[in-house]
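Undergrad: Structure, please.
(2 chains)
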Amino acid sequence: MNCRSEVLEVSVEGRQVDEAMLALVHTILLHRSTGKFHYKKEGTYSIGTVGTQDIDCDFIDFSFVRVSSDELDRVIRKAVGEFKDAMGNGTDGMGQISLEFYQKKKSRWPFSDECIPWEVWSIKVNVVNLANEQERQICREKVGEKLGEKVINIVEVINRHEYLPKMPTQSEVDNVFDTSLKDVQPYLYKITFQITDTLGTSVSTTMRRLIKDTLAL
Amino acid sequence: MDSDLSPQDKKDLDKFIKFFALKTVQVIVQARLGEKICTRSSSSPTGSDWFNLAIKDIPEVTHEAKKALAGQLPGIGRSMCVEISLKTSEGDSMELETWCLEMNEKCDKDIKVSYTVYNRLSLLLKSLLAITRVTPAYKLSRKQGHDYVILYRIYFGEVQLTGLGEGFQTVRVGVVGTPVGTITLSCAYRTNLAFMSTRQFERTAPIMGIIIDHFVERPFGNMGHMHPCNYRAPAEEEGGYTGVEDSQEVCTTSFSTSPPSQLYCSRLSYQPPVLVGAADFCHPSTLNAANPHQMGIPGKEGGVPQQVPVQPCHAAQAEHARASSCLPNDHVPAVPSGSGEDAEASSRSTDGKSVSPRDVMETTFTRKVGAFVNKPGTQVTTASLDLPFAAFAPRAYDIEENDPMVQPPESPATSSPLQGSLHSQGSGESGVPAQDDFVMVDFKPAFSKDDLLPMDLGTFYREFQNPPQLASLTIDVSSQSMAEDLDSLPEKLAVYEKNIDEFDAFVDTLQ
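TA: Now for the predicted structure:
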């Protein structure tokens, strides 16, 4: 099975990085989260309810909808915060956040479980520094419009109804969904990022990720 | 075609489509209420949350949607549309967007109804939630309140997009294939928001939450008058739909999605005093009586969360913007056409405007205020006053002609050609020539005795109210040319170099 890969690109000002990333990641996760599964004895299951919440951005003329789950929000904010820190402050730069949805495939011992991605969203960020307040005001609006376009792109991709993992049985649910949260159940996902410094050289975290994955499993 | 579908599946599918249509309307209307929506996730299924999404049902909206559907379902050739429009308090209205739930003939026979279709409909609702925040009408709806409200209309049948103006854009929210056809949800939205000659709605909402006509003289700016529902037009909104299928009916029923009329009272009490008299764009009693479908009622029934606290903020913004242009009494006109202002303004202007004679000499004096404009009866003549004004007998030239001038506090010691033109004159009988319209008011400081000393309290006050001008800024110096300045530089530098030791010593003391 091929992994579906989508790329979104945005240019933002330094202080807009957090909100722009949150907006896009949350929009994707809204579509890739379900309610909690409750399996019944007969092999059927019922699904909990997903609430939604409007979030207004402070630095961007934009509002987005996210899943009503503080736990999930915390996790995403932490990841986005790390990305922002890695991007540095006050400098132009480019970076990329990757939101990868994967399935675990159990392997026999001694091999560890495989993580097979089925959908990867790459959000490329170009950070610019603006000189004055007027430019920032214009940027607020422009980035808001751009994010709107990205949301439409996301929705377009999702509504192609391409591959989604099959609904798992109770024993397999942890291979497909992240069941660690109390109120919602997103598909298994991981967030990674890469920073490209202004010189254009790539400081990749891929190696780190590979090692982490191997060790974690 | 339908025979391939089991009766149970058919029944389920019809139910799904019906509830999907109802939920779609709820999402769209709630997104245009003007406030942030928040619903809670629940790990335990309640059984009443269709599509596993917590979407509240506003009863009025459900009622209208059911009325529009009249027992039918969206099908091929029968689309369900939700039209969102904007109506100003003047009564002008404009269609902003039309959301269409349509079905085409393309069937997906193999799809599982109870599982796949259901989940995909759920996904489509989530997409709808996301997209409703992205179209331009969202920002407009968040700022609705005083100047305009957002209305919705549900109709069934053929899609009408002509009201959206030229160049409208379409965004597709998504599609879901079913065994009986493909459900498509899309939105056509207006891009040309140029509205009327006096009002301009930008393509995107104003940034920073400033009402777009903040600085524009509003035609209905004087909201002190009560406009009983001029934009709700209860008469036209009565009765609503006669024939649901009649898609030709245009705007017979529009229901506001702005805050319920019950908010009117709470809003008034909530808002700061500056808004008093300006906060009545809707007449509660009229609304409730005439328009039972007002969104106000859902507020009571808890259909819409947090309406009361949120809405006033928007209105407050609008109010504030409005108040600044409509309630001049609340403002002390700093500089403006101060003629005829009351004493308060005049004394204030005195502070602001009294310019020392030295200022005046600068000709930087730009403040003009008729601070001392007064009725002729109180005119005094310079000759009759034992005041330094007498020293400034009217000059022949009048640099600032006809402008109401502020009257500078004079200093007896100074005399300048410019001053003459800039001070007020007494009445004609003083022998003062030229006169401007404004007259001098004798400034009698309280508790001071008007004795004959040349420096009485009033004079003292006036004179020392402003610090003396720097010698370097005197007019003699300013008339010196730049070239002369530059020429004198080398000499100055030489002097400084000679005294360099002194400077160094001074710097050392600072450390």
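
Undergrad: Report the buried residues of the longest helix anywhere in chain B.
TA: Longest helix in chain B, counting residues (DSSP state H): helix B:7-31. Across helix B:7-31, burial judged by 16 or more other CB atoms under 10 Å in any protein chain shown covers B:9-10, B:12-13, B:16-18, B:20-31. From N, CA and C alone the C-beta is placed, and that goes for glycine too.

Undergrad: Report the next helix or strand after it in sequence order.
TA: With elements assigned by DSSP states H and E, the helix or strand that comes after helix B:7-31 is helix B:59-69.

Undergrad: who does whatever helix or strand comes next after that next one pair up with?
TA: Using DSSP H and E, the helix or strand that directly follows helix B:59-69 along the chain is strand B:79-88. Sheet pairing of strand B:79-88 (DSSP bridges) gives strand B:93-104 (antiparallel), strand B:148-157 (antiparallel).

Undergrad: In contact with residue 166, which residues are there?
TA: No chain specified, so I'll use chain A. Applying CB atoms under 8 Å, 6 or more residues apart in numbering or on different chains, one finds that residue A:166 lies in contact with residue A:176.

Undergrad: that's the other chain; I wanted chain B
TA: residue B:192.

Undergrad: Confirm that it sits in a strand.
TA: No: going by DSSP: H, G, I helix; E, B strand; the rest coil, the assignment for residue B:166 is coil, not a strand.

Undergrad: Report the separation between it and chain A.
TA: Counting by CB to the nearest CB, to the nearest Å, the separation of residue B:166 from chain A is 20 Å.

Undergrad: contacts with chain A among the buried residues of helix B:7-31, please.
TA: By CB under 8 Å from any CB of the partner chain, no member of these lies near chain A.

Undergrad: re the thing from before, would CSV of the strands paired with strand B:79-88 with mean pLDDT and mean neighbour count be doable?
TA: What follows is those, written out as CSV (pLDDT from 0 to 100; neighbours: other CB atoms under 10 Å in any protein chain shown):
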stretch, mean pLDDT, mean neighbour count
strand B:93-104, 92, 23
strand B:148-157, 90, 24
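
Undergrad: Export those as a markdown table, with columns for distance to residue B:186.
TA: Below are the strands paired with strand B:79-88 laid out as a markdown table (distance: least, CB to CB, whole Å):
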| stretch | distance to residue B:186 |
| --- | --- |
| strand B:93-104 | 5 |
| strand B:148-157 | 16 |
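
Undergrad: angle of the longest helix of chain B against strand B:93-104?
TA: Counting by axes from the mean of the first three to the mean of the last three CA atoms, to 10 degrees, helix B:7-31 lies at 160 degrees to strand B:93-104.

Undergrad: related to what we said a few turns ago, of the strands paired with strand B:79-88, which is nearest residue A:61?
TA: With CB to CB, the closest approach to residue A:61 among these belongs to strand B:93-104: 17.7 Å.

Undergrad: Residue A:32 against residue A:184, yeah?
TA: No: counting by CB atoms under 8 Å, residue A:32 sits too far from residue A:184 to count as a contact (10.4 Å).

Undergrad: quick one: which of the two has more around it?
TA: Neighbours were counted for residue A:32 and for residue A:184 using other CB atoms under 10 Å in any protein chain shown; residue A:184 has more, 25 against 21.

Undergrad: How about the backbone phi and psi for the more buried one?
TA: phi -140, psi 170 (degrees, to the nearest 10).

Undergrad: Can you name the residues that contact it?
TA: With CB under 8 Å, 6+ apart, residue A:184 has these contacts: A:33-36, A:48, A:50, A:67-69, A:72, B:41.

Undergrad: if we can go back for a sec, so which of the strands paired with strand B:79-88 gets nearest residue B:494?
TA: Between those, strand B:148-157 lies closest to residue B:494; by CB to CB that is 71.0 Å.

Undergrad: State the next helix or strand along the chain beyond the closest one.
TA: Assigned by DSSP H and E, the successor of strand B:148-157 is strand B:169-178.

Undergrad: Give the buried residues for that following strand.
TA: For strand B:169-178, by 16+ other CB under 10 Å, it's B:171-178.

Undergrad: Run through the residues that contact the closest residue to chain A within the stretch 51-200 of chain B.
TA: The stretch 51-200 of chain B approaches chain A most closely through residue B:174 (3.4 Å), counting by CB to the nearest CB. Residues counted as contacts of residue B:174 (CB under 8 Å, 6+ apart) are A:155, A:158-159, B:123-124, B:127-128, B:184-185.

Undergrad: Just send the residues you listed back as CSV, with neighbour count too.
TA: Below are the contacts of residue B:174 laid out as CSV (neighbours: other CB atoms under 10 Å in any protein chain shown):
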residue, neighbour count
A:155, 26
A:158, 23
A:159, 20
B:123, 23
B:124, 27
B:127, 24
B:128, 24
B:184, 19
B:185, 26
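
Undergrad: Taking those together, which two end up most distant?
TA: By the measure CB to CB, A:158 and B:184 form the most distant pair in the contacts of residue B:174, at 15.1 Å.

Undergrad: For chain B, what's the nearest residue on chain A?
TA: Counting by CB to the nearest CB, chain A gets nearest to chain B through residue A:159 (3.4 Å).

Undergrad: Skipping adjacent residues, who's closest to that residue in space?
TA: residue B:174 (3.4 Å; CB to CB, 6 or more residues apart in numbering or on different chains).

Undergrad: now the one you found: how far from residue A:187?
TA: 18 Å (CB to CB, to the nearest Å).

Undergrad: Repeat that for residue A:129.
TA: Counting by CB to CB - residue A:129 and residue A:187 are separated by 36 Å.

Undergrad: More neighbours: the two, which one.
TA: Set residue A:129 next to residue A:187 and count neighbours by other CB under 10 Å: residue A:187 wins out with 19 against 11.

Undergrad: For the more buried one, name its beta-bridge partners.
TA: Here residue A:187, judged by DSSP bridges, has bridge partners residue A:177.

Undergrad: Out of the contacts of residue B:174, which is nearest to residue B:36?
TA: residue B:128 (16.6 Å).

Undergrad: Give me the mean pLDDT for the one helix or strand the closest one maps to.
TA: Residue B:128 belongs to helix B:118-131 when assigned by DSSP H and E. When pLDDT is averaged along helix B:118-131, the result is 95.

Undergrad: quick check: angle from that helix to strand B:93-104?
TA: 160 degrees.

Undergrad: which residues of chain A fall in strands?
TA: A:4-13, A:33-35, A:37-39, A:45-47, A:52-56, A:63-67, A:93-105, A:114-128, A:184-186, A:189-196, A:202-203 (DSSP state E).
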